Each structure stands twice: as C-alpha cells, then as structure tokens.
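Student: Starting from these lines, generate the structure:
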Amino acid sequence: MMVGRSKEIRRLKELYNSDRAELVAIHGRRRVGKTYLIQETFGNKFTFRHAGLSPVEMENSRGESPLRKQLHHFYNSLLRHGMKKSRCPDNWLDAFLMLEIFLESKDDGSRQLVFFDELPWMDTQRSGFITAFEGFWNTWACGRNNLMVIVCGSATSWITNKLINNHGGLYNRVSYQIKLSPFSLKECEELFNERKIKLSRYDISQAYMIVGGIPYYLNYFEKGLSLAQNIDQLFFSSTAFLKYEYDRLFSSVFTNPEMLKSIVKCLAAKSTGYSRDEISRLTGYSKGGTLSEALNALIASDFIIRYTPFGTGKRNDHYKLIDPYCIFYNRFINGRDSLATSFWQQNEFAQPIVSWRGLAFENVCFSHIDQIKAALGISGVSTRQSAWFKNADGESGTQIDLIIERKDHITNMCEIKFYNKEFASDKAYHMVLVNRQELLERSLKRDVMIHSTLITTYGLKYNEYSGDFDNVITLDDLFC
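Tutor: Numbers count the residues shown, from 1 in each chain. Sure, this is the predicted structure:
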C-alpha cells in the first residue's frame with residue numbers, strides 16, 4: 001500500500017486517460033520517491049522506460065566518454081524493450097530517431113507511456129541532448145495524441161531551467177509538472193504504521209528532525225528497534241548506510257558538488273542562516289553569478305530557503321538550511337573520523353543533543369506551517385512567515401523563533417519548545433516574553449495585535465504564568 005501521494009496519483013491517471021499528447025515533468029529532492037510514485041501508479045503499462053546513468057558511477061569508471069556510455073545504455077534499453085538489433089547511435093538525434101521508429105512499430109492505437117528517469121543525468125557536457133529532446137518532442141511526439149511522456153529528475157534546477165522555464169524550442173511544452181515534496185509528520189506516521197514500526201509521535205518527530213520526510217530514508221528504520229537503536233544503525237555503525245549518503249547525494253544532483261557542500265556546511269553553523277554577503281565572506285566564494293546559481297540550485301532542491309527576516313527589507317534576505325539530513329550530518333558526523341557505534345544511545349540525553357533538538361524542532365515547525373495555521377483556525381488567511389533576531393541600539397540580543405504575519409491584523413509571536421513533558425512557564429520566562437513582545441510591538445503598525453503562541457510537544461502546564469499565551473499548539477496538531 002502506497003502512503004500519501006493521492007493527489008499526485010489522481011492527476012497522473014487523469015493525464016494518462018486524456019486524448020492528447022502529454023509531457024509531464026516530475027522533480028524533487030533525491031530519495032523523495034519520484035520513481036516509486038511512477039512505478040506504483042502505472043505498474044507495467046510502460047511502452048518504454050529508461051534511466052540515465054549516474055554521474056557518480058561514470059566518474060569511477062574508465063573507458064568510453066560519458067556521452068558514449070549514456071548512448072550505449074539508451075540503446076540497450078531499446079533492445080530490452082524489443083527493438084531489433086542494429087547499431088548503437090552516435091548522437092542523441094539518432095538515438096531519439098530510433099525511439100520514434102520503435103514506438104511507431106509498437107503503436108496499436110492504445111495509450112503509449114514513455115518514462116525517462118533521471119533525465120538530467122543524460123545531458124552530459126557538450127552532448128547536444130536538450131536539442132535532440134526538443135526535436136523529438138516538437139517534430140514527432142507532440143503530434144501523437146496517444147503518447148504520454150514522463151520525465152523525472154532530482155536535479156530540480158535542471159528540470160526547471162531546461163524544461164519548465166525553457167525559453168527556446170521547449171517553451172510552454174510541459175503540459176503538467178509535479179514537485180514532489182517530502183512527507184509530512186502525518187505521512188511519516190502512516191508509513192511507520194504500515195510497516196508495523198511502533199514509535200511514539202515524540203520519537204517520530206525526532207526521526208523527522210534527523211532524516212526529514214524522505215521515504216527512502218524512513219524505510220531503513222527497522223521494526224523492533226528503538227529510535228536511538230535505529231539512528232545508531234543508520235549513522236554510526238560500521239555498516240551505516242546514511243553515513244555515506246551525503247557525498248552521493250550532492251555528487252548525483254549537482255554539477256559543482258564541492259561548492260554546494262561548502263555552502264551547506266556554512267549554513268549548518270547558524271540556525272537563522274546568513275545573508276548572501278555573509279555566505280560569500282565565510283566560504284570565500286565571490287558574490288557573482290556562480291554563487292547565485294549555487295544558492296538557487298539548493299533552493300530548487302529544497303535544501304535551503306531564502307527568507308526576509310522580520311522587520312528588514314529584501315536586501316537583507318537570508319538563506320537558511322532546512323534539510324534535516326544535511327543539518328544532522330554536519331552537526332554530528334561531518335569531520336568526525338571516529339564515533340562510537342552506539343553513539344546516539346550513549347548520548348541522547350547529553351546537552352549538545354538536547355540543544356540540537358530545540359533548534360531542529362523549529363525547522364519541523366517551519367515545514368508544517370499549514371498545520372499550524374489550521375490549529376490557529378486561519379487556514380484561509382494570507383500569511384507570511386519569518387524568524388526575527390535583534391541585537392542593536394544597545395539592547396540585549398533577542399530572537400523570536402517564528403513570526404506569522406497575518407492579513408487579518410494579527411501577528412502570532414511563536415515560541416517553540418521541544419519538551420518530553422508539559423512546558424511550564426515561570427517568572428523569568430514571563431519577563432523574557434514581555435521584553436520580546438515590547439520589542440516586536442515597535443516594529444508593527446498600531447492596528448496590529450500580537451498573539452503570543454506556544455508550539456510545544458505536550459502542551460502547557462497550568463500555573464500563574466500560563467495566561468501569557470493566547471494559543472497553544474501541540475505535537476498532535478502538527479500530525480494533522
């Protein structure tokens with residue numbers, strides 16, 4: 001049984017049953033489940049399917065050029081699907097002509113489904129691939145009303161720039177696009193339940209803090225193990241799979257992986273992120289177009305976000321790392337040559353990990369804004385979300401974890417607390433909240449009211465200071 005993706009499955013089936021040629025582009029972070037979605041939706045209905053060769057594997061092998069390897073692999077796919085043996089094409093124009101002739105030979109009037117997996121990998125340097133694909137679609141495929149072509153790729157920036165936003169021959173040719181997002185907390189829970197893995201919502205949220213809502217990673221969790229045992233097995237054992245996933249993740253998606261890893265490592269050092277100027281200074285990369293391209297590629301692949309901190313203009317835009325796996329890897333694994341195989345079990349209550357949980361839970365909340373809005377009863381209200389940090393004019397530094405600015409003249413000042421019990425406020429914390437609210441009021445219009453909002457795991461303990469909060473959102477609300 002497939003968890004989630006009901007909207008995407010429904011739309012794909014509608015496109016399959018249409019009476020016109022369809023070119024569908026599916027993109028999203030690597031390991032998010034794009035190929036699995038297509039396989040589960042269409043089963044064995046493919047007339048032809050092909051997956052590009054990984055650039056990581058090609059770098060580690062000798063012999064033919066990358067272009068020749070890709071063409072040879074494409075030719076072999078045609079043979080496997082029943083094409084009569086001829087000779088390997090010399091270029092992509094010839095390769096797509098072979099595909100056209102093959103599809104014509106198989107055409108009995110019923111729907112033909114062609115699936116290109118990891119299409120960006122096929123576009124090697126100076127290969128002429130995109131020109132050939134353009135010719136394939138514009139000259140032949142677009143006129144065949146019984147043809148549906150699905151292209152898929154983890155290099156989201158490539159899919160976006162070369163296909164969806166193409167200003168040349170493929171302009172406006174993609175009939176539908178799907179950006180596949182990671183699972184929500186609710187979908188993670190459904191996946192664990194489907195696999196009979198028993199974890200509390202408290203532990204599922206921690207699993208989300210570590211690997212995010214990436215189904216491929218979540219499927220490595222084992223039944224009968226605690227959260228800590230699973231984390232040790234995935235990251236710290238001698239055979240830990242996800243310990244070595246990091247380099248593969250970048251090499252398989254980006255053309256300049258070392259630069260992007262450097263930027264991600266920089267952003268992992270500060271939860272609120274850095275401005276473009278600060279990233280340039282800290283990494284040593286100039287503020288030119290190459291840095292902009294790298295940042296945009298990371299945004300497109302859902303590794304980072306760009307946001308405007310509250311009370312500042314767009315010139316002060318910040319870039320914030322949001323991919324849980326990348327945050328966790330850089331915090332606890334990157335640069336550490338030796339760690340105990342039971343590191344997480346031994347240290348899960350140590351202060352560095354407790355502090356990390358607090359920051360990681362903030363990212364979980366940023367990823368579940370829709371659920372937070374639903375809990376506040378404002379799903380239909382236009383909002384803008386940001387963090388706020390202030391340390392100027394002689395005032396002591398302060399930070400507000402999450403600010404939700406609403407069109408209905410309310411601003412939610414959100415405090416985010418990850419606790420293993422009810423959160424209890426006290427006099428000292430009351431004074432902190434008063435100070436933060438006073439600072440925030442100075443930056444708001446007079447007709448805007450502040451609602452102090454607590455987002456925590458198990459709710460708020462009633463005492464003389466519990467009235468400080470106008471709204472309380474719990475972990476259960478985030479699982480809706």
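Student: so where does residue 434 fall, helix or strand?
Tutor: helix 427-441 (DSSP states H and E).
Student: can you pull the buried residues of that helix?
Tutor: Buried residues in helix 427-441, counted by 16 or more other CB atoms under 10 Å: 433, 436, 439, 440. Backbone N, C-alpha and C define where each C-beta goes, glycine included.
Student: The third one contacts residue 389, correct?
Tutor: Read it as residue 439. No - contact between residue 439 and residue 389 fails when scored by CB atoms under 8 Å: they sit 10.9 Å apart.
Student: list residues touching both of those two?
Tutor: residue 398 (CB atoms under 8 Å, 6 or more residues apart in numbering).
Student: could you list every residue that touches residue 211?
Tutor: Listed by CB under 8 Å, 6+ apart, the contact partners of residue 211 are 217, 218, 234, 242, 324, 325, 328.
Student: If we use 6 Å, what do you get?
Tutor: 217, 325 (CB atoms under 6 Å, 6 or more residues apart in numbering).
Student: Run the chain-centre distance for stretch 195-211.
Tutor: The gap between the average C-alpha position of stretch 195-211 and the chain average comes to 18 Å, counting by CA atoms, centre = their mean, to the nearest Å.
Student: do the same with stretch 455-469
Tutor: In this view, stretch 455-469 has its centroid 32 Å away from the chain centroid, taken as CA atoms, centre = their mean.
Student: quick one: contacts of it?
Tutor: Taking contacts as CB under 6 Å, 6+ apart, the residues outside stretch 455-469 that touch it are 365, 414, 416-419, 421-425, 430, 433, 452, 454, 472-475.
Student: Got a quick PyMOL command for the buried subset of these?
Tutor: The command below creates a PyMOL selection of those among those that count as buried (16+ other CB under 10 Å):
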select buried, resi 365+414+416+417+418+419+423+425+433+452+454+472+473+474+475
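Student: Mark which of the contacts of stretch 455-469 are part of strands, please.
Tutor: In strands, judged by DSSP state E, the following of the contacts of stretch 455-469 are found: 414, 416, 417, 452, 454, 472, 473.
Student: Show me what the helix holding residue 434 is in contact with.
Tutor: For helix 427-441, using CB under 6 Å, 6+ apart, the contacting residues are 398, 400, 413, 450, 465, 468.
Student: Out of the residues you listed, who's the most crowded?
Tutor: Of all the contacts of helix 427-441, the highest neighbour tally under other CB atoms under 10 Å goes to residue 413, namely 23 neighbours.
Student: For that one, which residues are in contact?
Tutor: Counting by CB under 6 Å, 6+ apart, the residues that residue 413 touches are 400, 440, 450, 452.
Student: any weak-confidence spans in the stretch 51-200 of the chain?
Tutor: Under the criterion of pLDDT under 70, the regions of the stretch 51-200 of the chain flagged as low confidence span 59-61.
Student: What segments of it are helices?
Tutor: Residue ranges of the helices in the stretch 51-200 of the chain, as given by DSSP state H, counting those that start in this stretch, are 55-59, 66-80, 92-106, 119-122, 129-135, 156-158, 185-194.
Student: ok, the most centrally placed residue in the chain to residue 330 distance?
Tutor: Relative to the mean C-alpha position of the chain, the nearest C-alpha, by CA atoms, centre = their mean, is the one of residue 302, at 3.8 Å. As judged by CB to CB, to the nearest Å, residue 302 and residue 330 stand 16 Å apart.
Student: same question, residue 223
Tutor: 29 Å.
Student: more crowded one of these two?
Tutor: Under the criterion of other CB under 10 Å, the comparison of residue 223 against residue 330 puts residue 330 first, with 19 against 10.
Student: wait, what's in contact with the more buried one?
Tutor: Taking CB under 6 Å, 6+ apart as the definition, contacts of residue 330 comprise 265, 268.
Student: Try it again at 7 Å.
Tutor: Applying CB atoms under 7 Å, 6 or more residues apart in numbering to residue 330 gives the contacts 264, 265, 268.
Student: Just send those residues back as CSV, with distance to residue 20, pLDDT and secondary structure too.
Tutor: Putting the contacts of residue 330 into CSV (distance: CB to CB, whole Å; pLDDT from 0 to 100; DSSP: H, G, I helix; E, B strand; the rest coil) gives the following:
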residue, distance to residue 20, pLDDT, secondary structure
264, 42, 97, helix
265, 47, 97, helix
268, 46, 95, coil
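Student: By neighbour count, which of these wins?
Tutor: In terms of neighbour count, residue 264 stands highest of the contacts of residue 330 at 22 neighbours, by other CB under 10 Å.
Student: didn't it look like it was pressed against residue 321?
Tutor: Yes - with contact taken as CB atoms under 7 Å, residue 264 and residue 321 are classed as touching, separated by 6.1 Å.
Student: okay, and the common contacts of the two?
Tutor: By the contact definition CB under 7 Å, 6+ apart, residue 264 and residue 321 are jointly contacted by residue 303.
Student: Taking helix 185-194 as reference, get the angle to the host helix or strand of residue 203.
Tutor: Assigned by DSSP H and E, residue 203 falls within helix 201-211. For the pair helix 201-211 and helix 185-194, the angle between their directions (axes from the mean of the first three to the mean of the last three CA atoms, to 10 degrees) equals 110 degrees.
Student: Please pull up the helix or strand immediately following helix 201-211.
Tutor: The helix or strand immediately downstream of helix 201-211 is helix 215-218, counting by DSSP H and E.
Student: Find me the pLDDT at the residue nearest to the centre of the chain, would you?
Tutor: The predicted local distance difference test score for residue 302 is 90.
Student: Excluding chain neighbours, give the residue nearest to it in space.
Tutor: Spatial nearest neighbour of residue 302, excluding adjacent residues (CB to CB, 6 or more residues apart in numbering): residue 29 at 4.8 Å.
Student: which ones are touching the one you found?
Tutor: Applying CB under 7 Å, 6+ apart as the definition, the contact partners of residue 29 turn out to be 154, 182, 301, 302.
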